[in-house]
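1. Quick one: sequence and predicted model below, then my questions.
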Amino acid sequence: MDGTLVDSERLWDLSLRELYRRLGRELRPEVRAATVGGAADTVMRIVYDDLGLDPDPEAMARTADWLHDYTGELFASGLPWCAGARELLDELAAAAVPMALVTNTRRTLTEQALHSIGRHYFAVTVCGDEVPNGKPAPDIYHRAADLLGVAPEACLAVEDSPTGAAAAEGAGCPVLVVPNALEVQHSPRRRQIPSLTHVDVPLMREIHADLSAAPGPGVPAGHRPL
């Protein structure tokens, strides 16, 4: 969702900078980079470690709540689409391709974002607070594939961050990477493109077929798409 469909990473950036400002500190670029695409508990561990704060679980939970509430206020002003994302969702929906929204963002904030994005596009949605471990663990992609009723390797994941790409690939999904805020490492089961502009259903099927032919951990080579 964030950074792939809608350009909301800049809003998370504003939220984190405001958190640091309230704590009398300045958010460093390398710390911000480490939080991109991370689950709430991971982000809090990074922030508390950077600030030298006692990692008290209750305090971290309160801080995470504040961060999500503040970001929700920013979301309320509207979410700008990433280039080509809405057009691709429309084409996939018209072709009756089942889609899952997979995000480390909490359910409450995801529901708010779906008012802007359009929940009708997605057969299922899975959020970071609904699985044992958020991205970069593969749990969230395993859950999404299970809800769609297909194997992970039959899916094509679309991701923008190292964290998301690692989660998808770890679950066995071929990954179409559209880097946003951070550079994403290449691998045989990842295809990188600059944006979703001009991406259509036939191209996605072609990318899935090509990546499926590449060997991956626990994934049979040459798996054919549905």
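-> Cool, got the structure. Numbering: from 1, shown residues only.

2. Secondary structure of Thr163: a helix, I assume?
-> Yes - counting by DSSP: H, G, I helix; E, B strand; the rest coil, Thr163 is found in a helix.

3. do you know how far it is from Ala34?
-> Separation of Thr163 from Ala34 (Cβ to Cβ, to the nearest Å): 9 Å. Bear in mind the C-beta positions are built from the backbone N, C-alpha and C, glycine included.

4. Give me the more crowded residue out of those two.
-> Thr163 (23 against 19; other Cβ atoms under 10 Å).

5. what residues are up against that one?
-> Contacts of Thr163 were listed using Cβ atoms under 8 Å, 6 or more residues apart in numbering, and they are Val36, Gly37, Gly38, Asn104, Lys135, Pro136.

6. Pro132: how many residues sit nearby?
-> 8.

7. how is this protein carved up into domains?
-> With domains defined by the TED database, the chain comprises 8-77, 85-213.

8. Assign the residue located most distally from the centre of the chain to helix, strand or coil.
-> Relative to the C-alpha centroid of the chain, counting by Cα atoms, centre = their mean, Gly24 is the outermost residue, at 29.7 Å. Under three-state DSSP, Gly24 falls in the coil class.

9. For it, grab phi and psi.
-> phi 80, psi 20 (degrees, to the nearest 10).

10. For it, give its distance to Thr63.
-> Applying Cβ to Cβ to Gly24 and Thr63 gives a distance of 14 Å.

11. circling back: what about the residue farthest from the centre of the chain, distance to Leu51?
-> 9 Å.

12. what does Thr197 give?
-> Thr197 is 39 Å from Leu51, by Cβ to Cβ.

13. got the phi/psi numbers for the nearest residue in space to Asn104 that is not next to it in sequence?
-> Sequence neighbours aside, Gly128 is the residue nearest to Asn104 in space, at 3.7 Å (criterion: Cβ to Cβ, 6 or more residues apart in numbering). With angles defined as degrees, to the nearest 10, Gly128 sits at phi -60, psi -30.
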